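# Any chance you could fold what I've pasted below:
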Amino acid sequence: MQRRSFLKHAGLGAVATGAAVSAPAFAQEMPSLSWRLSSGFPSALDLRVGAAESFCKFVSEATGGKFNIRHYPDGEIVAAADLMEAVSTKKVECGHVSSRLYYAKNPAFCFDAAVPFGLNARQMNAWMSEGDGLRLTRELFKPEKIINFPLGNTGAQMGGWYIKEIKRAGDLKDLKMRVGGLAGDVLARMGVAPQQGDPAKLAEAFEKDGLQAVAGAGAYDDGKLGLNKVAKYYYAPGWWAGGEQLSLYINDEAWSKLPKNYQAVVEAAAMAAHAATTARYDAQNPRALAQLTANGAQVRTFPRSIMDVAFETTQQVYKDLSAKDARFKAIHDSYMGFRDSEMPWFRLTESAYGQYLGVALSART
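Next comes the predicted model:
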């Protein structure tokens with residue numbers, strides 16, 4: 001998809017969503033359609049769920065109620081683990097999920113979501129729209145008969161909850177931690193014993209199964225899941241998710257049958273909901289972190305020595321995966337090349353500004 005075409009369509013869609021008076025005339029010429037969207041997130045993660053709900057609302061309003069997409073909670077039609085297959089086989093026309101959930105199917109899917117020491121939310125947006133991100137990920141999803149769109153980004157995440165302090169790399173040895181995907185592979189090489197499990201049964205896992213840590217996400221989501229109730233040490237940064245992009249999956253046959261005007265509305269609605277989701281996380285995470293610390297969470301940062309080991313271990317994991325799969329290597333090289341080109345600017349401006357302001361404001365208190 002060409003950038004100019006995308007922005008043109010986005011502009012048309014934005015006008016449609018903002019000008020209700022034009023919707024009836026537009027809608028009279030368009031067919032009535034009903035789709036189903038299956039969520040890959042539990043209801044407790046309301047900002048993630050809300051991204052898809054906002055998308056569905058935008059589409060309906062922009063088409064004068066002619067094109068309706070009904071949102072279904074995780075598990076009502078299909079479980080999150082099976083959502084990709086459900087969209088691929090057109091069991092549902094579309095779904096909303098984090099692509100890193102399908103790491104076991106193909107590690108390259110993680111580049112559509114988040115990878116260790118990867119892009120932050122703004123950089124991810126730039127890679128997807130101005131770099132090769134959207135083209136490469138669409139090629140990746142093509143065999144699955146899926147068209148993907150960005151639909152929300154959590155921003156940078158935290159490094160999880162631990163029952164003990166993590167002061168040196170040795171403290172990770174044999175640590176039973178709920179974590180998966182690429183992060184799980186890296187941490188396993190660092191001595192962690194990755195665990196899987198139902199997020200709804202974490203408290204039980206800590207009490208009965210000896211679970212000692214959980215990766216978590218960000219302050220708002222972690223608070224919603226009650227992770228502060230199972231461990232008190234809350235670490236930053238989440239080096240495995242500098243910004244987790246969520247994705248809208250659309251069955252390619254269903255997409256190709258949409259009128260061009262409806263396709264434009266879908267693109268614009270996804271873009272609007274995508275941006276709104278990051279804004280909501282940016283607004284809610286600081287408040288949630290304050291609440292967590294008020295309730296006893298002990299915030300810590302990973303020592304530089306651990307970060308260095310994690311970074312070097314990550315490079316070896318990427319090297320091994322690239323050697324096994326040319327497609328993974330191609331996407332990796334584009335993604336990381338874009339990251340490396342972005343960092344000098346971000347370090348000079350965004351990082352330096354934020355670091356100074358943080359110190360200056362702390363000195364006033």
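
# okay, stretch 248-260 in CSV with CA atoms only?
Extracted in CSV, the C-alpha atoms of stretch 248-260 (Å, rounded to 0.1, in the frame of the first residue of the first chain):
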residue,chain,number,x,y,z
LEU,A,248,-6.2,-6.0,13.1
TYR,A,249,-6.4,-9.1,11.0
ILE,A,250,-8.8,-9.2,8.0
ASN,A,251,-9.4,-12.2,5.8
ASP,A,252,-8.0,-11.4,2.4
GLU,A,253,-11.1,-12.6,0.5
ALA,A,254,-13.4,-10.6,2.7
TRP,A,255,-11.2,-7.6,2.2
SER,A,256,-11.1,-7.9,-1.6
LYS,A,257,-14.9,-8.0,-1.7
LEU,A,258,-15.3,-4.7,0.2
PRO,A,259,-16.2,-1.7,-1.9
LYS,A,260,-13.3,0.7,-2.3
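
# what's that stretch in contact with?
Stretch 248-260 has contacts (Cβ atoms under 8 Å, 6 or more residues apart in numbering) with 30-31, 33, 35, 52, 55, 83-84, 87-88, 90, 92-97, 141-142, 145-151, 263, 266, 270. (Each C-beta comes from the backbone N, C-alpha and C, glycine too.)

# Equivalent analysis for stretch 102-109, please.
84, 99-100, 110, 140, 180-182, 321, 325, 327-328, 331-332.

# one more time with 6 Å
84, 99, 110, 140, 181, 321, 327, 328, 331 (Cβ atoms under 6 Å, 6 or more residues apart in numbering).

# TSV please, covering these and showing secondary structure and pLDDT.
As requested, the contacts of stretch 102-109 are exported to TSV (DSSP: H, G, I helix; E, B strand; the rest coil; pLDDT from 0 to 100):
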residue	secondary structure	pLDDT
84	helix	98
99	helix	98
110	helix	98
140	helix	98
181	helix	92
321	helix	98
327	helix	97
328	helix	98
331	helix	98
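
# Please pick the buried ones from those residues.
Buried by 16 or more other Cβ atoms under 10 Å: 84, 99, 110, 140, 181, 321, 328, 331, out of the contacts of stretch 102-109.

# Pick out the most distant pair among those.
The largest separation in the buried ones among the contacts of stretch 102-109, counting by Cβ to Cβ, is between 84 and 321 at 19.5 Å.

# which residues touch residue 152?
Contacts of residue 152 by Cβ under 6 Å, 6+ apart are 51, 246, 274, 277.

# rerun at 8 Å
Contacts were defined as Cβ under 8 Å, 6+ apart; by that measure residue 152 touches 47, 48, 51, 245, 246, 273, 274, 277, 278.

# Which element, helix or strand, includes it?
Following DSSP states H and E, one finds residue 152 within strand 146-153.

# Could you tell me the average pLDDT over that strand, please?
Strand 146-153 comes out with an average pLDDT of 98.

# Now do the end-to-end distance for stretch 168-188.
From its first residue to its last, stretch 168-188 covers 16 Å (Cα to Cα, to the nearest Å).

# Same check on stretch 162-178?
Distance across stretch 162-178, first residue to last, is 10 Å (Cα to Cα).

# do the same with stretch 60-80
Termini of stretch 60-80 sit 24 Å apart (Cα to Cα).

# Check the offset of it from the chain's centre.
Relative to the centre of its chain, stretch 60-80 is centred 20 Å away, using Cα atoms, centre = their mean, to the nearest Å.

# Tell me the buried residues in it?
So, applying 16+ other Cβ under 10 Å, buried residues of stretch 60-80: 60-64, 66-67, 69, 71-72, 74, 77-78, 80.

# Which stretches in the stretch 201-350 of the chain count as strands?
All strands of the stretch 201-350 of the chain, identified by DSSP state E, counting those that start in this stretch, fall at 213-214, 233-236, 245-251, 298-301.

# Report the angle between the longest one and strand 146-153.
Inter-element angle recorded for strand 245-251 and strand 146-153: 150 degrees (by axes from the mean of the first three to the mean of the last three Cα atoms, to 10 degrees).

# What strands line up against strand 245-251, and which way round?
If you go by DSSP bridges, strand 245-251 pairs up with strand 94-97 (antiparallel), strand 146-153 (antiparallel).

# Deepest in the core, which of the ones you listed is it.
Highest mean neighbour count among the strands paired with strand 245-251 (mean count of other Cβ atoms under 10 Å): strand 94-97, with a mean of 29.

# For that one, which outside residues touch it?
Contact with strand 94-97 is made by 35-41, 48, 51-52, 55, 69, 78, 80, 83-84, 86-87, 151, 246-251, 254, as judged by Cβ under 8 Å, 6+ apart.

# any weak-confidence spans in the stretch 101-250 of the chain?
The model of the stretch 101-250 of the chain has no residue with pLDDT under 70.

# show me the contacts for residue 323.
residue 329.

# re earlier: save the strands paired with strand 245-251 as JSON lines, and put in distance to residue 166 too.
Shown next, in JSON lines, are the strands paired with strand 245-251 (distance: least, Cβ to Cβ, whole Å):
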{"stretch": "strand 94-97", "distance to residue 166": "30"}
{"stretch": "strand 146-153", "distance to residue 166": "27"}
